[in-house]
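# what follows is a predicted protein model with its sequence.
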Amino acid sequence: MVNGNDLHETDKIVAAENPIKSPGLYPDPEKLLVRDTIDTAILKRLTGRSCISVAQFDKEFVLELCKFAALLEATEIASSHPLDGKIVITAFFEASTRTRLSFESAALRLDARVITISDGKTTGAAKGESLADIGEMLNAYGDLVVMRHTATNAVEQILEKLRLPLINAGNGTGEHPTQALADWYAILKWNPQLKGIVSSDEKINLGILGTPGSMRAVRSFLEMSLLFKENIRQISIVSEMADPLGAILSEKLKHEHIKPVITNDINDVLSDLDVIYMNSIAYLGDGYRTLDTRYRLHKNSQLRKNAVVLHPLARLDELSTTLDDTSHNLYFTQAHGAVFIRQALLITLLDRFDRLPDDIPVV
Amino acid sequence: MVNGNDLHETDKIVAAENPIKSPGLYPDPEKLLVRDTIDTAILKRLTGRSCISVAQFDKEFVLELCKFAALLEATEIASSHPLDGKIVITAFFEASTRTRLSFESAALRLDARVITISDGKTTGAAKGESLADIGEMLNAYGDLVVMRHTATNAVEQILEKLRLPLINAGNGTGEHPTQALADWYAILKWNPQLKGIVSSDEKINLGILGTPGSMRAVRSFLEMSLLFKENIRQISIVSEMADPLGAILSEKLKHEHIKPVITNDINDVLSDLDVIYMNSIAYLGDGYRTLDTRYRLHKNSQLRKNAVVLHPLARLDELSTTLDDTSHNLYFTQAHGAVFIRQALLITLLDRFDRLPDDIPVV
Amino acid sequence: MVNGNDLHETDKIVAAENPIKSPGLYPDPEKLLVRDTIDTAILKRLTGRSCISVAQFDKEFVLELCKFAALLEATEIASSHPLDGKIVITAFFEASTRTRLSFESAALRLDARVITISDGKTTGAAKGESLADIGEMLNAYGDLVVMRHTATNAVEQILEKLRLPLINAGNGTGEHPTQALADWYAILKWNPQLKGIVSSDEKINLGILGTPGSMRAVRSFLEMSLLFKENIRQISIVSEMADPLGAILSEKLKHEHIKPVITNDINDVLSDLDVIYMNSIAYLGDGYRTLDTRYRLHKNSQLRKNAVVLHPLARLDELSTTLDDTSHNLYFTQAHGAVFIRQALLITLLDRFDRLPDDIPVV
């Protein structure tokens, strides 16, 4: 039974060369920077503060941060050690490898140090300690906290005592603002014209496959999209829920005079969409649930020729790997760019613009 | 049901500014340093050795280490990278975020590198490996080991083979010597006169709410307090156990000619106490138990005007948050100072006094 | 009951001095370097590639890598920061403290940064994410991945998308090539003559106590041993399995014209062996099993005077601690040397030969 016969095929493994290039669309970040400088005065509005909600941002700030991320992606600045001497605490009371490693990579690339809570089950919280007390503790240990938590009110709780800048990396069914920044960074690299105001026929149709009212990443994406409403012709929401927005988001859209198409039939809208945002894994109070699973995108989906697909990942079946090698795949770019948008945010919150090399276009 | 209605209130969160200052008493560490230098010859008694028990210390050593911690707290020395090239291994076979992060922050601030075992369940120990073998393994991986373990004899076991300096960060129901150092560092900052011998009417009444015989932090605190016995008028122990000291501690106190007041009624002693040390979470052999829960301190407790409260944290109900904003709160200072006392200890054990800046008063 | 009586014996602990020197045989690594330089052209065959199977190596490569490791063990090169700016990702989907810390120590000693997945249960994989997608994610986060996984086909899966060099640190019942490198590094330090071709009476008898067909470390050791077949008189395999090699390994040995002695009675061969490799813990598909437990080595085993014992550790009862203090103990050297062989491999894969100090004999 255990005889080595079928245990491995060495030759096959050895033959497997690493792939050379990531599949999908990789727009050049420099296109975001053409004839442009980065205005740090706009970024410094957030310096020393926490980043907890999309509601803190305006379009101007998002644009400057995305341009700053593009600069970091296009330039080798690690050797200037911009976060030298800073300690970033990644406090993931809700475990998440993808987001945690993304922040840790961003911090370490800039020469910060990192201390980590990778699992809420091993903390004082497990003994009954309050988040406020944990916040007081973290004050002594570092310079900035990145927190993910299963409770939506965790941000409010830790801010009772935390005096360090906090980045909300996902709070229950609440928000995930740095995901939304990564999303729009990818969209802006794909279509840099969206930085300004485009003409009527260049406006985009935005589609969301998911339930913004109960999925934090989708909610934050939708809220940030409102900052770019002049460039959006139509927002469509495809969800299996009867009321996918909920009262708060519905009110916001009404206030912005935006009337989304809401449907539970993907075929109603798919062939009209330019940008498609999808997600299926939602943290709902007590654990993960998979929502909106009947909507699947794959190679044979009726996508517009130039349509791009975003997904915060991890994915399950809803996003077929048959799309990976197509030019609809903007989701890998989106994932890679997240490291740079987080680098930009860390430098901004910790005010280390003065450590950047002299020859980069930051004013 | 999941409709976004009550999921979060962005405006409230955004409005929540970070608090400016930690509540409670924050005595200036420089007061510990007035007209004084740090005698490294005394500290070097421990260089290259392990720190496993309060019994290793005398008053002279504790004073020099606390003064050194005060210097590190009052001075910016990180830029001299005193632990450059050193690897600190935090081996927490009993998970503890607070103590682990405290040591990791201390090490990283001094430019050491850190490798971590944050959960004993993922180690070779889980496969049945002996602690002696783990010690032999760690010899190859770093320069110093910080260990916490659920077994009281873990220190002896790992020292069978470990050749690196070991810091005992809590061994079962045994000791927690660096907690006691952090405790007395806070007390000495609060009352620097205790460095010397105070007059009869300046002696302090020390109260312990907890069971020293079975709580390692409380035991280590009591043992270290004996080094300052000339300045202590009375030690009171409030516990729900009939014999809260046990035979060994009782014998020690007898040997020191100290006759503690032992009571199970907090009201017998509370209004006489100057320094109150409390704890309720105890690791007893197979898991955590909460002891002495009937003794609660809060805003309306009959505390002396200038009394201060210490607690190793995490806390549950026994220490009310209503004390946080009062000048009785020395426990946040105590927690913050722990990082600096651990920095002082790391530099001492690893003999990196020569990496300190020239202009600091170390001789 | 909880009275402190028997909780600890401070005096005993304090008295326990750290041991001075590791027990066992510690051959001088410099003996591997006598009148020799390291030919980096040979090492660079692997630069930028992955290290996943012993089948990738020839004797020449193994020799150069072992000499390079010896150089790193004998020389202080950390201050030249050879991996400055590089991020090593240790992705241990199958938890393993020993191997993970060994790689992390190797990376940190060379000034790389490390980000860690120490437990597969907290990753996106736990939500159903594919290893290919995880590979795509890791492309964005670091410069090299060290992976351990319970699944034998995990290497193939992650290489579908991973573009970074991958080091296979154990894949199910497959391979563990860096363990084999550490094994032969220890053997070559013990007997540097094995670098060349020894005379007939200097050939060694090699014994394996374990089941190569189902234990990845044992398999990789056996496969690497074939590279040194001119210096091996006889290979003996002692196993409780009827067919300890399985079809693939049997075929390989046949192809190399090697006819191993296979027995289930250790006494048939023990007194003839020069090098004994043993292991008992095997990961078999769904968890750990202990194999070949009836074969125990201890102080009174009938070992040749100069015989040496290797063991990848962790050990259980099969390898008695009574051998630790004898000159048969090469297993501690083997464990310590693993850090240096991994340093050599990291510098090789990441092509940082140019960061080595000028005065070391690398050409």
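It's in.

# measure the closest residue to residue A:361 other than its chain neighbours to residue A:71 for me?
The spatially closest residue to residue A:361, leaving aside those adjacent along the chain, is residue A:37, at 4.3 Å (CB to CB, 6 or more residues apart in numbering or on different chains). Where you see a C-beta, it was placed from the backbone N, CA and C, and this is true even at glycine. Computed as CB to CB, to the nearest Å, the residue A:37 to residue A:71 distance reads 10 Å.

# separation between the residue of chain A found nearest chain B and residue A:141?
Closest contact between chain A and chain B, by CB to the nearest CB, is at residue A:246 (2.2 Å). In this view, residue A:246 and residue A:141 are 37 Å apart by CB to CB.

# again, but for residue A:72
Relative to residue A:141, and taking CB to CB, residue A:72 is found at 26 Å.

# try residue A:147
Distance from residue A:147 to residue A:141, by CB to CB: 13 Å.

# comparing the two, which residue is more hemmed in?
residue A:147 (27 against 24; other CB atoms under 10 Å in any protein chain shown).

# any weak-confidence spans in the stretch 251-363 of chain A?
For the stretch 251-363 of chain A, the stretches with pLDDT under 70 are A:283-287, A:291-293.

# repeat that for 80
Applying pLDDT under 80 to the stretch 251-363 of chain A picks out residues A:281-294, A:359-363.

# list the contacts for residue A:62?
A:181, A:184, A:224, A:227 (CB atoms under 8 Å, 6 or more residues apart in numbering or on different chains).

# ok, 10 Å please
A:42, A:54, A:180-181, A:184-185, A:188, A:195, A:224, A:227-228, A:341 (CB atoms under 10 Å, 6 or more residues apart in numbering or on different chains).

# try residue A:61
A:42-43, A:45-46, A:181, A:227, A:348.

# if we use 8 Å, what do you get?
Here residue A:61 is in contact with A:42-43, A:45-46 (criterion: CB under 8 Å, 6+ apart).

# scan chain A for its longest helix.
As assigned by DSSP state H, the longest helix anywhere in chain A is helix A:331-349.

# is residue A:168 part of a helix or strand, or is it coil?
Three-state assignment for residue A:168 (DSSP: H, G, I helix; E, B strand; the rest coil): strand.

# chain neighbours aside, what residue packs nearest to it?
Of all residues apart from its sequence neighbours, residue A:52 sits closest to residue A:168 (CB to CB, 6+ apart), at 4.1 Å.

# that neighbour: neighbour count?
Based on other CB under 10 Å, the number of other residues close to residue A:52 is 24.

# that one against residue A:155, yeah?
Yes: judged on CB atoms under 8 Å, residue A:52 makes contact with residue A:155 at a distance of 5.2 Å.

# for stretch A:148-156, C-alpha coordinates in PDB please.
Output in PDB follows, covering the C-alpha atoms of stretch A:148-156 (Å, rounded to 0.1, in the frame of the first residue of the first chain):
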ATOM      1  CA  ARG A 148      -8.800  42.600  11.000                       C
ATOM      2  CA  HIS A 149     -11.600  41.400  13.200                       C
ATOM      3  CA  THR A 150     -14.700  39.400  13.000                       C
ATOM      4  CA  ALA A 151     -16.700  42.000  14.900                       C
ATOM      5  CA  THR A 152     -18.000  45.000  13.000                       C
ATOM      6  CA  ASN A 153     -17.700  47.200  16.100                       C
ATOM      7  CA  ALA A 154     -14.000  46.200  16.700                       C
ATOM      8  CA  VAL A 155     -12.700  49.400  15.200                       C
ATOM      9  CA  GLU A 156     -14.700  51.500  17.600                       C
END
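
# low-confidence ranges in the stretch 51-200 of chain A?
Applying pLDDT under 80 to the stretch 51-200 of chain A flags residues A:78-79, A:119-128.

# which parts of it sit against chain C?
A:78-79, A:95-98, A:101-102, A:104-105, A:108-109, A:114, A:116, A:118-119 (CB under 8 Å from any CB of the partner chain).

# domain assignment for chain A?
A:29-176+A:338-351, A:178-336 (automatic domain parsing).

# so which of these is the most packed in?
domain A:29-176+A:338-351 (a mean of 21; mean count of other CB atoms under 10 Å in any protein chain shown).

# which bits of the stretch 201-350 of chain A sit near chain C?
So far as CB under 8 Å from any CB goes, the stretch 201-350 of chain A lies against chain C at A:281, A:288, A:313-316, A:321, A:332, A:335-336, A:338-339.

# quick one: the residues you listed as TSV, columns for distance to residue B:176 too.
As requested, those are exported to TSV (distance: CB to CB, whole Å):
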residue	distance to residue B:176
A:281	41
A:288	38
A:313	43
A:314	40
A:315	46
A:316	46
A:321	52
A:332	48
A:335	43
A:336	45
A:338	41
A:339	39
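
# which one of the residues you listed is nearest residue B:173?
residue A:288 (38.7 Å; CB to CB).

# list the contacts of the closest residue to residue A:30 other than its chain neighbours.
Excluding its sequence neighbours, the residue lying closest to residue A:30 (CB to CB, 6+ apart) is residue A:74, at 4.9 Å. Residues counted as contacts of residue A:74 (CB under 8 Å, 6+ apart) are A:28-30, A:33.

# closest to chain C among those?
Ranked by distance to chain C (CB to the nearest CB), these are led by residue A:29 at 13.3 Å.

# what about the closest one, distance to residue A:39?
Distance from residue A:29 to residue A:39, by CB to CB: 18 Å.

# do residue A:88 as well
25 Å.

# kindly report the same for residue A:322.
Taking CB to CB, one finds residue A:322 at 42 Å from residue A:39.

# repeat for residue A:308
28 Å.

# in helices, which of the contacts of residue A:62 fall?
A:42, A:180-181, A:184-185, A:188, A:224, A:341.

# next, the residue found closest to residue A:128 once you drop the neighbours it is linked to in the chain: phi, psi?
Using CB to CB, 6+ apart and skipping residues adjacent in sequence, the residue nearest residue A:128 is residue B:316, 5.2 Å away. With angles defined as degrees, to the nearest 10, residue B:316 sits at phi -110, psi -140.

# residue B:316 reaches residue B:280, doesn't it?
Yes: Residue B:316 is within contact range of residue B:280, at 6.1 Å (criterion: CB under 8 Å).

# all helices for chain A, in order.
A:10-15, A:40-43, A:59-74, A:97-109, A:131-139, A:154-158, A:177-190, A:216-225, A:246-255, A:331-349.

# what does the shortest one contact?
This means helix A:40-43. A:60-61, A:64-65, A:68, A:344, A:348, A:353, A:362-363.

# now those residues in JSON lines, with distance to residue B:165?
Converted to JSON lines, these look like this (distance: CB to CB, whole Å):
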{"residue": "A:60", "distance to residue B:165": "54"}
{"residue": "A:61", "distance to residue B:165": "49"}
{"residue": "A:64", "distance to residue B:165": "49"}
{"residue": "A:65", "distance to residue B:165": "45"}
{"residue": "A:68", "distance to residue B:165": "44"}
{"residue": "A:344", "distance to residue B:165": "41"}
{"residue": "A:348", "distance to residue B:165": "40"}
{"residue": "A:353", "distance to residue B:165": "41"}
{"residue": "A:362", "distance to residue B:165": "45"}
{"residue": "A:363", "distance to residue B:165": "50"}
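
# quick check: the farthest pair among the residues you listed?
A:60 and A:353 (17.1 Å).

# okay, the contacts of residue A:74 in CSV with pLDDT next?
Output for these, formatted as CSV (pLDDT from 0 to 100):
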residue, pLDDT
A:28, 94
A:29, 95
A:30, 94
A:33, 91
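
# tell me which of the residues you listed is nearest to residue C:173?
Using CB to CB, the contacts of residue A:74 come closest to residue C:173 at residue A:29, 43.5 Å.

# grab the nearest non-local neighbour of the closest one.
Using CB to CB, 6+ apart and skipping residues adjacent in sequence, the residue nearest residue A:29 is residue A:70, 3.8 Å away.

# hang on, isn't the one you found packed against residue A:32?
Yes: counting by CB under 8 Å, residue A:70 touches residue A:32, with 4.0 Å between them.

# what do these two both touch?
Joint contacts of residue A:70 and residue A:32 (CB under 8 Å, 6+ apart) are residue A:189.
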